[in-house]
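Visitor: The following comprises the amino acid sequence and a computationally predicted model.
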Protein chains: 12
Amino acid sequence: MVIHGPNLQLLGSRERHIYGDVTIKVINRELQTAARVCGIGLKIVQSNHEGKIVDLIGAASSSFQGILINPAAYTHTSVAIRDALAACTIPAVEVHLSNIYKREDFRKVSLTAPACVGQISGFGMESYLLGLRALVKLMSGN
Amino acid sequence: MVIHGPNLQLLGSRERHIYGDVTIKVINRELQTAARVCGIGLKIVQSNHEGKIVDLIGAASSSFQGILINPAAYTHTSVAIRDALAACTIPAVEVHLSNIYKREDFRKVSLTAPACVGQISGFGMESYLLGLRALVKLMSGN
Amino acid sequence: MVIHGPNLQLLGSRERHIYGDVTIKVINRELQTAARVCGIGLKIVQSNHEGKIVDLIGAASSSFQGILINPAAYTHTSVAIRDALAACTIPAVEVHLSNIYKREDFRKVSLTAPACVGQISGFGMESYLLGLRALVKLMSGN
Amino acid sequence: MVIHGPNLQLLGSRERHIYGDVTIKVINRELQTAARVCGIGLKIVQSNHEGKIVDLIGAASSSFQGILINPAAYTHTSVAIRDALAACTIPAVEVHLSNIYKREDFRKVSLTAPACVGQISGFGMESYLLGLRALVKLMSGN
Amino acid sequence: MVIHGPNLQLLGSRERHIYGDVTIKVINRELQTAARVCGIGLKIVQSNHEGKIVDLIGAASSSFQGILINPAAYTHTSVAIRDALAACTIPAVEVHLSNIYKREDFRKVSLTAPACVGQISGFGMESYLLGLRALVKLMSGN
Amino acid sequence: MVIHGPNLQLLGSRERHIYGDVTIKVINRELQTAARVCGIGLKIVQSNHEGKIVDLIGAASSSFQGILINPAAYTHTSVAIRDALAACTIPAVEVHLSNIYKREDFRKVSLTAPACVGQISGFGMESYLLGLRALVKLMSGN
Amino acid sequence: MVIHGPNLQLLGSRERHIYGDVTIKVINRELQTAARVCGIGLKIVQSNHEGKIVDLIGAASSSFQGILINPAAYTHTSVAIRDALAACTIPAVEVHLSNIYKREDFRKVSLTAPACVGQISGFGMESYLLGLRALVKLMSGN
Amino acid sequence: MVIHGPNLQLLGSRERHIYGDVTIKVINRELQTAARVCGIGLKIVQSNHEGKIVDLIGAASSSFQGILINPAAYTHTSVAIRDALAACTIPAVEVHLSNIYKREDFRKVSLTAPACVGQISGFGMESYLLGLRALVKLMSGN
Amino acid sequence: MVIHGPNLQLLGSRERHIYGDVTIKVINRELQTAARVCGIGLKIVQSNHEGKIVDLIGAASSSFQGILINPAAYTHTSVAIRDALAACTIPAVEVHLSNIYKREDFRKVSLTAPACVGQISGFGMESYLLGLRALVKLMSGN
Amino acid sequence: MVIHGPNLQLLGSRERHIYGDVTIKVINRELQTAARVCGIGLKIVQSNHEGKIVDLIGAASSSFQGILINPAAYTHTSVAIRDALAACTIPAVEVHLSNIYKREDFRKVSLTAPACVGQISGFGMESYLLGLRALVKLMSGN
Amino acid sequence: MVIHGPNLQLLGSRERHIYGDVTIKVINRELQTAARVCGIGLKIVQSNHEGKIVDLIGAASSSFQGILINPAAYTHTSVAIRDALAACTIPAVEVHLSNIYKREDFRKVSLTAPACVGQISGFGMESYLLGLRALVKLMSGN
Amino acid sequence: MVIHGPNLQLLGSRERHIYGDVTIKVINRELQTAARVCGIGLKIVQSNHEGKIVDLIGAASSSFQGILINPAAYTHTSVAIRDALAACTIPAVEVHLSNIYKREDFRKVSLTAPACVGQISGFGMESYLLGLRALVKLMSGN
């Protein structure tokens, strides 16, 4: 499962100097292509609702083998998503389009990363593809 | 009214070394039994959505006499739930399964407790039953 | 578009010593009257859901010319609403009924204000009317 | 064993707007009544001396099955009592008359709570009775 | 009475990317026009001296019905002006040309705002006009 | 009642560059002389025990009309003494031999002063005499 | 020399619940009376200007034998007055009408006290009289 | 160029519960293999010397097209390496074997990451391989 | 003189994973043996009372030549013991069984160490023996 | 223009162990001599008034080519002088007699330095002469 | 192995009021003498290079049975040395000549101590000899 | 002796918007010229190694009369260089090309400056020349 957090539906029009021109559609298409190459299926969801993301993660263990998540703004404020990820029995990988270390101080704190296997940030769309590769590796028994 | 906050639907499977083996169903059944003994009715709700919990509390004054709430992760991040509880004209009691003082530093801060009559934490399912007893006492004019 | 944040549906009954007796209906009626005088249309929404507010702001650019928002409790906790406002291409004005500088320390921090043109706080219902006037001025090319 | 910390001998005359009118005698009588109902014996002590409380806890394991303690002011300053509770092999429950989250900032920090099973605060005399119930439950093998 | 704080005599030439091209003369003219429309008289003063501003506020109650003040740099450092405003028996409104939330961290703290009815910031010259309107409303019995 | 806190029995031999050559005997004699002049009786106690000082203050209301206290080291660490003073219905005055603002940072925080009428520090033995005068004034109805 | 800091000209009308009903005239008259009893002359000045107070202290050594100062708001913000006092070769005593430990946190920090011999706070007008007595004692060779 | 920071020569024997059993030799071999697949050459260096790493980065622009660096302990303490990376005209990618968000607080601060394009942490040896892939992508014009 | 602080009477039964199996009796016997070898006499005291320890130190100068102290929990909270040690004219050595740097953050702060000659921590019973050797060396004129 | 900040009129008599024996007259004479050598004119002002210094800087652009300023105590407290310097279109150089890094912590923060070209501290009178040289260099087109 | 950290080559000439007159030669000779008495061999190294010290510790396990280290300035800044010590399979003891608790605040933090068995500070050369004794005890199976 | 710290070998190519176009060669040539004018000899060294810089300073007293140092990144992290400078018996002057007050917060802290006579920052190459002049003045007996 791939989860896009809040405001990511706006990619491509939102603050391009930070996030670039790539739209969420393009990212999803690239992820689907890459997944097909690895022989796995992907369910991709975008939500602006913290509670919805908690619902999705809570239910993920029964249907999926791993979670690729960009919690966006909730990275820095959501203990609920952190707890959902910690409660989850499948591996999760956190990705960010921008390098969170180059931005405002409050973006340097990640509440969710300690509940993931690892974090990848700063490579734009490539962060997602690297995250998918890492997840596939983890699921295959690394 | 009893409100279970985020991720509590997972009780029994979630991080058992912290939360134990009891499921939310068992807690609800015990609460209903205890309520029946006291001669009161209970409405029990679980939600992962901060906004939903704010809705419920905002509407509670007209139909209920007290609120028993485990805000879980939102204890530490939600000013909105705090404000809803403060705006509420019926007494509220905050409960926690685990002893929040034994965990991460950010869990030692409760934004919601100052808007409740009191707080009970650390006794597992028993926290809920003690909270119910405290609430009944408060409603009966203590 | 006018967005009322969490717990504002309770105005008039909620903590009157802080928020006064005015209800949200009265505020909305006054805003509509003032808008009619300026010859503009208003859509007014109230929501307790952070995600819903993010949805609304994300979609606002295509249908509206400006946003008047009282983020209430989310002022102090929501990076998601801040990011939504920053991504938005129309001007936004933040208003507060009470003077946030006279209250608890955590209410002195506004996460959302840096993503707005400006902020008005402390004048009760009048804060909204001043905010509307400021927004109309901004939309008319100030 | 029940331990009342510093200044609790003054209950009923001390700052009634915070602590109410109940005296320590009334609390002790109610505790004895409740203990008798549960079929257990209680030793109740009040002391203003940190060292005395450390002595009592250090010796408790050999004669008692549990500790109900209101450390009062020492909650926030005594590492010695914390260490005594941590060294103790019987369960301890911490109670407070007032809701410590509604008071000065320094009262929100509890040094002793992490060494107890749990904490109950804000219900006046009822905090003690709930604490006793929790303790009995713990001793009976919960 | 309208009080312009330190360095505001330089408006129009000072850091235009922050404060814009409007000069203090233009602001004063617009304020006088707006005041005339409301049928009130205005005394406008600019001073770089904290002590002078304290003098003015201390003497204001006897001759004026309200204070519109842009404390500029003293917003963030002057307890003396805060105390003067708090001692004052007529309402005061604080205004800022720029959005203080978008600037250096030390500009996010306002020592003077808690002693005013409210604060308006970020709308350039319009901040003053909105502030005047708010003040007139307050004086007329809002 | 006059209470000397911990280590004050050593005055005259202890760190003379800070506390001077005056012994506690000399201070007590001067206090008795001054009290006699004012026509009041004094009980003077010195204790190194926090609990003892709490005992004394707790019992003071019934036998004395005011408390003159130098809490010494406990000034900076004792919430118990603060609570005892706050619970006390007679006025208390806090005195210090040395100027606590000239010493280590941790000595600038006084936990006990907010529970006293006022504080006098820095004048050596004279601090006690000034404190006695202040107390007499307070008791005589100032 | 006696120096009254900012806003003290308003005493008696300013926030009476904190500062009481006594006016600065009454304080000055009482100080003059007390000084006459001690056989010394007093020059009394009030200023709202930090720079003026620095001027006065800088020039004091040549004409006076001691300084009695209530720096009021400047207590908490003025390094300049602190430096002036430190540079001064005659003793200075700091006084406050209210107990600064009972008020806002920023009033607990005194920048000026470390440059004085001692500090007296919380006794209303009596603080000045005690301060004068302390100063006379210091000048007479204590 | 690949740079392994301090203590990485010990991999495989050092704290295996954190870093796993993989040795630096194995990592280097896997990196060489992966590089060969991509048709690029790799120079791999390990050093415990901050100054040596600064030397290497300072000289890298002239001979290499990108830097893959695991600064290890220097991540959290070296402004010198940060400045070297910032001065460097070729892209750099920071990798970590362990998830730095799961460890001591001081390991959550990265001084070097803001001077890199992005950061990958938590995937063991796979962090390096993902980092290499990210770097190749960046060099190929992403 | 050797002073054992609070809870040390429980050694051997208290949290053995931290403090080991050695009892206070064994430590005292070893200390007496070592002292006899050095030809000196030892008085050994254990107390849970801060005030008692202050009493002991205050009286030590007249009867002893040095103090070996394990202030245990009071290390981190007692300004009174610090002041007693500072007032003392004989050398003091502070010892700890466990390595205080490996434990909770609040145990890394030692209020008492600055008033001792030096500190030894982390070697179990051996800490005492090393401390005794250091003290003997100091007393013999090092 | 050369601006001497508060208390500098006292140089030579003020705290000589920090500021040395040189008087402001000697510094001014040396500055005039040095200026004459460089063929430039100097206006030298000393003021204890923050507002006066703001006035001077605000008016400086029209008559001078550069500002040499020792803001003394205002270095650490004056946002108003910082803003005046930032608004100023001619270069400013900040100088200090003493090494501000060797003194109290609050003197390590310079509010004014970010609005100057550079800062020179610690060389006594020589700081001024070096500052003049730097300023002349800057004015001559460096 | 004995490791002397940065600047210790200067002992005897460096800041004697802190470090005394003893030179590193004398310390080394005393250590060798003491080692000979214990029947063990010592290798003693001094280095100003953090990387060199990391190299030495990394290689120590294979040739030595214990490490006696005075990390000097690196105690407070080197995560790399901490990690090296933590990775090391032989016991390490940290020693300091001066009492680090009596010096600047930044010297109270030890990054390296948590990776050692224990720490000894404040006894001058004797710290080394006590450390050696502790180490020998540890190696002999304590 | 002149010491250039880390990354300064890159001057002219490194981040020119901060450091300008001047290369280290040009700076060295200008320094040599200026030194020749003063009739003194200069040894100039650049090193990226903290340990090397500590070595150089430690050995400087025997061959040189003063140290001109730009510690660059080590300014903010090196206690070792601070200690080396403090141990040094010849005067040292710290210089910086850029104004460290205009940059990241961590660059506002100088660990090394308190061990120097003074600091000069913000004048580009001119900082070095002013520093040399200051040093020459100091060596000639200022």
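Guide: Cool, the structure landed. This one's a predicted model, so the numbers in the text were calculated from it and none came from an experiment.
Visitor: Now the one helix or strand A:Leu135 maps to: average pLDDT?
Guide: Using DSSP states H and E, A:Leu135 maps to helix A:125-139. Here helix A:125-139 scores 96 as its mean pLDDT.
Visitor: Is there any residue in the least confident helix or strand in chain A by mean pLDDT that contacts chain H?
Guide: When each helix and strand of chain A is scored by mean pLDDT, DSSP states H and E, helix A:16-19 comes last, with a mean of 77. No: using CB under 8 Å from any CB of the partner chain, helix A:16-19 never reaches chain H; the gap is at least 13.5 Å. C-beta coordinates here come from the backbone N, C-alpha and C atoms, glycine included.
Visitor: Can you pull out the residues in contact with that helix?
Guide: Contacts to helix A:16-19, defined as CB atoms under 8 Å, 6 or more residues apart in numbering or on different chains, come from residues A:Leu11, A:Gly12, A:Leu97, A:Ser98, A:Arg103, A:Gly124.
Visitor: Alpha carbons of it, in PDB - could you do that?
Guide: Extracted in PDB, the C-alpha atoms of helix A:16-19 (Å, rounded to 0.1, in the frame of the first residue of the first chain):
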ATOM      1  CA  ARG A  16       7.100  24.300  -7.300                       C
ATOM      2  CA  HIS A  17      10.300  25.800  -6.100                       C
ATOM      3  CA  ILE A  18      10.200  23.200  -3.300                       C
ATOM      4  CA  TYR A  19       8.300  20.300  -4.700                       C
END
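Visitor: From the chain's centroid, how far away is the helix holding A:Leu135?
Guide: 10 Å (CA atoms, centre = their mean, to the nearest Å).
Visitor: still on that earlier bit, just send the contacts of helix A:16-19 back as CSV, with secondary structure and distance to chain C too.
Guide: Listed next are the contacts of helix A:16-19 as CSV, based on DSSP: H, G, I helix; E, B strand; the rest coil; distance: CB to the nearest CB, whole Å:
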residue, secondary structure, distance to chain C
A:Leu11, coil, 9
A:Gly12, coil, 11
A:Leu97, coil, 12
A:Ser98, coil, 11
A:Arg103, coil, 11
A:Gly124, coil, 17
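Visitor: Identify the residue nearest A:Ala115 in space, chain neighbours excluded?
Guide: Nearest non-adjacent residue to A:Ala115, counting by CB to CB, 6 or more residues apart in numbering or on different chains: A:Leu85, 3.7 Å away.
Visitor: ok, now which ones touch the one you found?
Guide: The contact partners of A:Leu85, by CB under 8 Å, 6+ apart, come to A:Ile57, A:Ile67, A:Ile69, A:Ala92, A:Thr112, A:Ala115, A:Cys116.
Visitor: Go through the residues you listed and flag which are in strands.
Guide: Of the contacts of A:Leu85, the ones assigned to strands by DSSP state E are A:Ile67, A:Ile69, A:Ala92.
Visitor: Just to check, the first one is in contact with A:Val93?
Guide: Yes: with contacts defined as CB atoms under 8 Å, A:Ile67 counts as touching A:Val93 at a distance of 7.3 Å.
Visitor: who has more neighbours, these two?
Guide: It is A:Val93, of A:Ile67 and A:Val93, that has more neighbours when counted by other CB atoms under 10 Å in any protein chain shown, with 28 against 24.
Visitor: who does that one bridge with?
Guide: Using DSSP bridges, the bridge partners assigned to A:Val93 are A:Leu68, A:Gly118.
Visitor: mind listing what it touches?
Guide: A:66-69, A:116-120, A:131, A:134-135, A:138.
Visitor: Give me the buried subset of those residues.
Guide: A:66-69, A:116-120, A:131, A:134-135, A:138 (16 or more other CB atoms under 10 Å in any protein chain shown).
Visitor: For C:Ile44, state which of the residues you listed is nearest.
Guide: Using CB to CB, A:Ile69 comes nearest to C:Ile44 of the buried ones among the contacts of A:Val93, at 34.3 Å.
Visitor: Which residue comes closest to the closest one once chain neighbours are left out?
Guide: Per CB to CB, 6+ apart, closest to A:Ile69 is A:Ile3, 4.4 Å.
Visitor: Next one: the spatially most central residue of chain A from A:Gly39, what distance?
Guide: Centroid check for chain A by CA atoms, centre = their mean gives A:Ile69 as the closest residue, at 1.9 Å. Using CB to CB, to the nearest Å, one gets 22 Å for the distance from A:Ile69 to A:Gly39.
Visitor: same thing with A:Arg103?
Guide: With CB to CB as the criterion, A:Arg103 and A:Gly39 are 36 Å apart.
Visitor: on that earlier part again, any idea how far the residue nearest to A:Ala115 lies from B:Asn7?
Guide: In this view, A:Leu85 and B:Asn7 are 10 Å apart by CB to CB.
Visitor: Equivalent analysis for A:Gly5, please.
Guide: A:Gly5 sits 17 Å away from B:Asn7, taking CB to CB as the criterion.
Visitor: Neighbour count for those two, which is higher?
Guide: B:Asn7 (28 against 25).
Visitor: A:Val136: what's it in contact with?
Guide: A:Cys38, A:Ile40, A:Gly66.
Visitor: for A:Leu111, that is, sorry about that
Guide: Each residue near A:Leu111 by CB under 8 Å, 6+ apart is listed here: A:Thr75, A:His76, A:Thr77, A:Ser78, A:Val79, A:Ile81, A:Arg82, B:Phe106.
Visitor: can you pull the pLDDT of it?
Guide: 95.
Visitor: list the contacts for whichever residue of chain A sits closest to chain D?
Guide: Residue nearest to chain D within chain A (CB to the nearest CB): A:Val79, separated by 17.6 Å. Counting by CB under 8 Å, 6+ apart, A:Val79 touches A:Leu111, B:Ala73, B:Tyr74, B:His76, B:Thr77, B:Phe106, B:Arg107.
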